[in-house]
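Q: my questions are about this predicted structure, shown below with the sequence.
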Number of protein chains: 2
Amino acid sequence: MKPYLVNPKLSKTQIKTLESALSLFVEKGFFKTSIPDLVEHSGVSTGSIYHAFKDKQSIAESLMETLLEQINREQQEILANNADSWSRFYELSKWMINTSDRHPQVMRFIFNGQHKEFMPELPPICSSQPFLTLRKVIQQGMDEKVLIKMDLMVAASSSFGGVMRLIQLGLDNMLDDPLPSYLDSITDTCWRSIAQQ
Amino acid sequence: MKPYLVNPKLSKTQIKTLESALSLFVEKGFFKTSIPDLVEHSGVSTGSIYHAFKDKQSIAESLMETLLEQINREQQEILANNADSWSRFYELSKWMINTSDRHPQVMRFIFNGQHKEFMPELPPICSSQPFLTLRKVIQQGMDEKVLIKMDLMVAASSSFGGVMRLIQLGLDNMLDDPLPSYLDSITDTCWRSIAQQ
DNA sequence: GTCTATAGTACGATAGAC
DNA sequence: GTCTATCGTACTATAGAC
């Protein structure tokens, strides 16, 4: 698995720690990953980890923040290259599906419902910028009369929610074929639920 | 919140422990809930808890097993009273939505993606009987030509997946109105994605 | 900024009386 | 079957040399 984290604001130590944290938090979970585990996996010593981060929880918070920023950048690039709401829906779904295929830990960490458990004061993931962006694309479709006018949360659940559900099944190894092979059928199907015919 | 757990096979001590476990595991998470926390919340002593359960993990496993059995019973009753796939889809969705409204801890525990973290050897929730039942209803609709023939996982993600996504948004307090008020619009919308027109 | 060594704590689980 | 008291462990976080 190629590294996914890139952020010039972060030191070498921080990046190494965050990369190990991503692997271990997804593999074993936050609470079952000890600082000694992180030390062994990253090659960074306890002292350096605590020099770079206030405590264990703030490692998770930094990781989340870094991932959300990076995801947001990639989403904005997709929006810049696609104007209508269907293309945006399709390309954003494609990005999520391909990222789940190539960097499953990233999507597993983001989709893991239990962030509140170890980052109590962080707002829920569904109110973060990347999820707002998904809903804005649906709102755009409704404004342009391409989509049936309905409650935004209902429309977003039925469209992107369906795509995300399939991704979660893929991450749980419940699918026979690789996730990207489902791209066209899942986007067609989910879009049909909200499209003006 | 009324008690939800009923199981004649379980002792009074076991029920009290499991009820406290449900509250605390959902509120604070499995790992942040200590045995002393359970003792205080349930009024059952450490010794009695360890007499009734092998260890902390097996409390969570018993809880999951009990909930899944109970959910399965309620689903089977719905199937017995509804024969066609649309009614079954609608009534099963209604049950999930109403249960999320009346017993949010139950659905939060079931939908919490991170069971693997504290119950490593349990199969993923999406392969449990209640989730199989949902997929069987979709398969039935495709067999009866009421639904468009497509990959079962795609169809299930787009239909029940959309409903479950809205439920999760409700559990995260992202909805303006009470979850049950969305029942008709979310079931209509999600069903449209897979229905023969 | 990096390291090793360790302090301090809180927990899971058990022992053993009733 | 229930309880209190406690053992042993493993962890987070810090101290302090380089």
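A: Nice, thanks for sending it over.
Q: A:Ser93 against A:Leu183, yeah?
A: Yes: between A:Ser93 and A:Leu183 there is a contact under Cβ atoms under 8 Å: 7.0 Å. C-beta here means a position set from N, CA and C on the backbone, and glycine is covered the same way.
Q: quick check: next helix or strand after the helix or strand bottoming out on mean pLDDT in chain A?
A: Least confident element among the helices and strands of chain A, by mean pLDDT, DSSP states H and E: helix A:115-118 (a mean of 94). Note on helix A:115-118: by DSSP states H and E, the next helix or strand toward the C-terminus is helix A:129-143.
Q: report all helices and strands that that following helix contacts.
A: helix A:56-81, helix A:85-102, helix A:152-158, helix A:160-171 (3 or more Cβ pairs under 8 Å, 6 or more residues apart in numbering or on different chains; DSSP states H and E).
Q: returning to what we had before: of A:Ser93 and A:Leu183, who's got more company?
A: A:Ser93 (24 against 18; other Cβ atoms under 10 Å in any protein chain shown).
Q: what strand or helix carries the closest residue to DNA strand C within chain A?
A: Nearest residue of chain A to DNA strand C (Cβ to the nearest atom of the strand) works out as A:Gly47 at 1.9 Å. Using DSSP H and E, A:Gly47 sits in helix A:46-52.
Q: any idea how far that helix is from the chain center?
A: In terms of Cα atoms, centre = their mean, to the nearest Å, the centre of helix A:46-52 is set 27 Å apart from its chain centre.
Q: list the buried residues for it?
A: Buried residues in helix A:46-52, counted by 16 or more other Cβ atoms under 10 Å in any protein chain shown: A:48-49, A:52.
Q: for stretch A:169-188, same thing?
A: In stretch A:169-188, counting by 16+ other Cβ under 10 Å, buried: A:169-172, A:175, A:179, A:182-183, A:185-188.
Q: shaky segments in chain A?
A: Regions of chain A meeting the criterion pLDDT under 70 cover residues A:1-2.
Q: quick revisit: and the two most separated of the buried residues of stretch A:169-188?
A: Comparing all pairs in the buried residues of stretch A:169-188 by Cβ to Cβ, the longest separation belongs to A:Asp172 and A:Asp188, at 22.9 Å.
Q: picking that back up, what about the residue of chain A closest to DNA strand C, distance to A:Leu22?
A: Between A:Gly47 and A:Leu22 the computed distance is 21 Å (Cβ to Cβ, to the nearest Å).
Q: likewise for A:Asp176?
A: 28 Å.
Q: farthest from the middle of chain A: give me that residue.
A: Distance from the C-alpha centroid of chain A peaks at A:Gln197, with 30.8 Å (Cα atoms, centre = their mean).
Q: show me the contacts for that one.
A: For A:Gln197, the contact set (Cβ atoms under 8 Å, 6 or more residues apart in numbering or on different chains) comprises B:Gln197.
Q: quick check: which element contains it?
A: Counting by DSSP H and E, A:Gln197 is part of no helix or strand.
Q: just send the buried residues of stretch A:169-188 back as CSV, with distance to B:Ala156 too.
A: Below are the buried residues of stretch A:169-188 laid out as CSV (distance: Cβ to Cβ, whole Å):
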residue, distance to B:Ala156
A:Leu169, 8
A:Gly170, 13
A:Leu171, 16
A:Asp172, 13
A:Leu175, 11
A:Leu179, 15
A:Tyr182, 12
A:Leu183, 17
A:Ser185, 12
A:Ile186, 11
A:Thr187, 16
A:Asp188, 15
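Q: list just the nearest of those residues to B:Met64.
A: Distances from B:Met64 to these, taken by Cβ to Cβ, are shortest for A:Asp172, at 15.8 Å.
Q: quick revisit: chain B next: which of the buried residues of stretch A:169-188 are close?
A: Taking Cβ under 8 Å from any Cβ of the partner chain as the test, chain B is in contact with A:169, A:172, A:175, A:182, A:185-186 out of the buried residues of stretch A:169-188.
Q: DNA strand C contacts on chain A?
A: A:11-13, A:43-48, A:50-52 (Cβ under 7 Å from any atom of the strand).
Q: those: which ones sit near DNA strand D?
A: Answer for the residues of chain A next to DNA strand C near DNA strand D (Cβ under 7 Å from any atom of the strand): A:46-47, A:50.
Q: any chance of TSV for these, columns distance to B:Lys32?
A: Below are these laid out as TSV (distance: Cβ to Cβ, whole Å):
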residue	distance to B:Lys32
A:Thr46	23
A:Gly47	26
A:Tyr50	21
